[in-house]
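*Asks:* how would this look folded up:
(one chain, ligands or ions: 1)
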Amino acid sequence: MVRSIFKGLFFLIVSGFCAFGAIFLAGMSGSVQLNLNGKELSISIFAAVIVLIGIVFFILIVFAFFNVTIAVIRFLSGDETALSRYFIKSRQIKGNQALSNALIAFNEGDSAEALLHSGRAKYLLKNNMLSLLINAQIAQQLGNSKLVIENFKKLLRNKNTRSIALSGIVSEKIKTGDYQSALILSKKSVELKPKNIRNINTLFNLQLQESDWVGARQTLQSKRKIEKMHRTTFLRHEAILMVAEAKEKRSKGFTKEALGVALAAVRQYPSFVAGLSFLTELELALGNKKRVEKLLQKCWRLFPHPDIAKSFIALVDNETPEDRRTRFQVLTKMKEKGSQTKILEVELCLAAKDFSSAKKLISKLVKDDPDNYTLTLMAAAEKGSGASDSVVQKWLTKAVYAPKSFTWICKNCGFQTEWVSVCPECDGFDTLEWRRPPFYPSNNKAHSQIPLILEADENNGFFSETDQVDSENRHDSDENLSEGLKEELEISTVRQAREIS
Ligand SMILES: [Zn+2]
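*Replies:* Next up, the predicted model:
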């Protein structure tokens, strides 16, 4: 405000001086004599001053025009001039504005608008690094794969952005399911930046996806160094990859080579159940049982898993249940008996029709730590001992409501499956854990796990809320148990005996 007042005052003073000067000159007497080519010309002093000012202005304009012409010629010939600098600067300002509009629209969730602005920014900023990156990011959000790759290909030309461009193209190839190209590019990406763990992990996952087991083992070495992976974890990961490689060799008919790799894997990770099962298969195919028998015993000590027992069964053909029970003593008579060893003993007793021993062994487990499997075994032991259908039915009912038995569960996503090296749900590598699924008693009260056939009986008064794990008084209900249901339960009991008999 004050500045404007000063400006106005200054303008008034200068105008006043000019007007005063003009009046003063106009009022002056006398004239200026000019002699032009022998002719005398007389003009007033005022007119002379005006002519003089006019000549000065003319000269200035001629100079300015001359300078502009030179600048235009240099501009057109490609030289950097004030003119070109002006245009470049103006273009940059507009480009940066477009870029900032793109980012604002992108963060507001309007990707289409953002793409429009970033496209203009790319044009104005002559595809500079930032405009290409932002345009690529917006295109990724919109799922415009072609545009994403187009941007990243341009970024490949710049040394500083080559790595990020390669990673971007790899991501797009993965999205479109072109894993082979993604794998080739991912290798290049790791070559460019060998310590970038994100690139290494991408390469590792792609190698798993493409069954490149040897390559994955090499990448695992890099992962180990950068992630400072624990030795035990590394050995386990490597053993899993080795068994996968062995399976591939076996499928191609190279059984001996497969055996060598599988054996090395199991030796470096002795509690690797799936690896041991596969090794047993190979050893049996090649007629060598002794070595694998020892490895199975060692594994049972470390990790008593039903699949180890199954592999142990496979070592001898046509065995009587009694002989099997005797042979299995190397497993069942181990010093520290966990639940799984006790369950194995019960299964062997049931197969040998020694129901009273089975019942004795299972009773404690059922009391201390019941789950659907131990309760089903109890039902089988009762059935074999000649208990009434109502008693058998009581145990089976408890089994329905009890926590589920151990299974392989992905620690990342909770998916339950047979053992696999890569979770089919979340693609996690070596994420399966052998544990019980989470138990929700309230869900069980809602009878969500009751088979339809039992649910029907519930409506007939066969079930009650109190008839869960601790229910004892159920003698009057077997009248309601249809013959079909009895048969169904018996079949399920046999099925769940883990193929021991
Ligand atoms: Zn998972």
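
*Asks:* need the contact list for the closest residue to residue 141 other than its chain neighbours.
*Replies:* Leaving aside its sequence neighbours, residue 141 sits nearest to residue 111 (Cβ to Cβ, 6 or more residues apart in numbering; 5.0 Å). (Glycine included, C-beta is placed from N, CA and C.) With contact taken as Cβ atoms under 8 Å, 6 or more residues apart in numbering, residue 111 is in contact with 105, 138, 141-142.

*Asks:* per-residue pLDDT, residue 111?
*Replies:* Residue 111 is assigned 90 on the pLDDT scale.

*Asks:* contacting residues for residue 135?
*Replies:* 102, 115, 118-119, 121-122, 147, 151.

*Asks:* if you set the cut-off to 6 Å instead, what comes out?
*Replies:* Shown in contact with residue 135 (Cβ atoms under 6 Å, 6 or more residues apart in numbering): 118, 122, 151.

*Asks:* By neighbours, which of these wins?
*Replies:* residue 118 (30 neighbours; other Cβ atoms under 10 Å).

*Asks:* can you tell me which helix or strand it belongs to?
*Replies:* Per DSSP states H and E, residue 118 falls inside helix 111-124.

*Asks:* what's the closest residue to the ion within the stretch 51-200 of the chain in contact with, if anything?
*Replies:* The stretch 51-200 of the chain approaches the ion most closely through residue 174 (17.8 Å), counting by Cβ to the ion. Contacts here follow Cβ under 6 Å, 6+ apart; on that basis residue 174 touches residue 182.

*Asks:* Stretch 74-86 spans what distance, first to last residue?
*Replies:* Stretch 74-86 has an end-to-end distance of 14 Å (criterion: Cα to Cα, to the nearest Å).

*Asks:* can you check stretch 402-421 too?
*Replies:* So stretch 402-421: terminal residues 29 Å apart, Cα to Cα.

*Asks:* tell me the strands in the stretch 1-150 of the chain, going along the chain?
*Replies:* 31-36, 39-44 (DSSP state E, counting those that start in this stretch).

*Asks:* now the helix holding residue 118, how far from the chain's geometric center?
*Replies:* Distance of helix 111-124 from its chain centroid, counting by Cα atoms, centre = their mean, to the nearest Å, is 29 Å.

*Asks:* picking up where we left off before, give me the buried positions along the helix or strand that contains the residue of the stretch 51-200 of the chain closest to the ion.
*Replies:* For residue 174, the host element (DSSP H and E) is helix 162-175. Buried residues in helix 162-175, counted by 16 or more other Cβ atoms under 10 Å: 162-174.

*Asks:* Let's have the residues you listed in a markdown table, adding pLDDT.
*Replies:* Output for the buried residues of helix 162-175, formatted as a markdown table (pLDDT from 0 to 100):
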| residue | pLDDT |
| --- | --- |
| 162 | 92 |
| 163 | 91 |
| 164 | 91 |
| 165 | 93 |
| 166 | 94 |
| 167 | 92 |
| 168 | 93 |
| 169 | 94 |
| 170 | 95 |
| 171 | 93 |
| 172 | 93 |
| 173 | 93 |
| 174 | 93 |
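
*Asks:* how about the strands of the stretch 1-150 of the chain in CSV, adding mean pLDDT and mean neighbour count?
*Replies:* Converted to CSV, these look like this (pLDDT from 0 to 100; neighbours: other Cβ atoms under 10 Å):
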stretch, mean pLDDT, mean neighbour count
strand 31-36, 73, 11
strand 39-44, 76, 10
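
*Asks:* Using JSON lines, lay out those together with distance to residue 23.
*Replies:* Conversion of the strands of the stretch 1-150 of the chain to JSON lines gives the following (distance: least, Cβ to Cβ, whole Å):
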{"stretch": "strand 31-36", "distance to residue 23": "18"}
{"stretch": "strand 39-44", "distance to residue 23": "13"}
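
*Asks:* could you give me the average pLDDT of stretch 311-330?
*Replies:* pLDDT averaged over stretch 311-330 gives 93.

*Asks:* What's the end-to-end length of it?
*Replies:* Stretch 311-330 end-to-end distance (Cα to Cα) = 14 Å.

*Asks:* on contacts alone, who are the packing partners of the helix or strand where residue 221 lies?
*Replies:* Per DSSP H and E, residue 221 falls inside helix 213-227. If contacts are counted by 3 or more Cβ pairs under 6 Å, 6 or more residues apart in numbering; DSSP states H and E, helix 213-227 sits against helix 197-209, helix 231-251.

*Asks:* Extract the C-alpha set from the longest one and format it as CSV.
*Replies:* Put plainly, it is helix 231-251. C-alpha atoms of helix 231-251 as CSV (Å, rounded to 0.1, in the frame of the first residue of the first chain):
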residue,chain,number,x,y,z
ARG,A,231,22.7,-71.2,9.5
THR,A,232,19.9,-73.6,10.5
THR,A,233,17.4,-71.7,8.3
PHE,A,234,19.8,-71.7,5.4
LEU,A,235,20.4,-75.4,5.6
ARG,A,236,16.7,-76.1,5.8
HIS,A,237,15.9,-73.9,2.8
GLU,A,238,18.7,-75.4,0.9
ALA,A,239,17.6,-79.0,1.7
ILE,A,240,14.1,-78.2,0.5
LEU,A,241,15.5,-76.9,-2.8
MET,A,242,17.7,-80.0,-3.1
VAL,A,243,14.8,-82.3,-2.6
ALA,A,244,12.8,-80.4,-5.3
GLU,A,245,15.8,-80.8,-7.6
ALA,A,246,16.0,-84.6,-6.7
LYS,A,247,12.2,-84.9,-7.6
GLU,A,248,12.9,-83.3,-10.9
LYS,A,249,15.8,-85.7,-11.6
ARG,A,250,13.6,-88.7,-10.6
SER,A,251,10.8,-87.6,-13.0
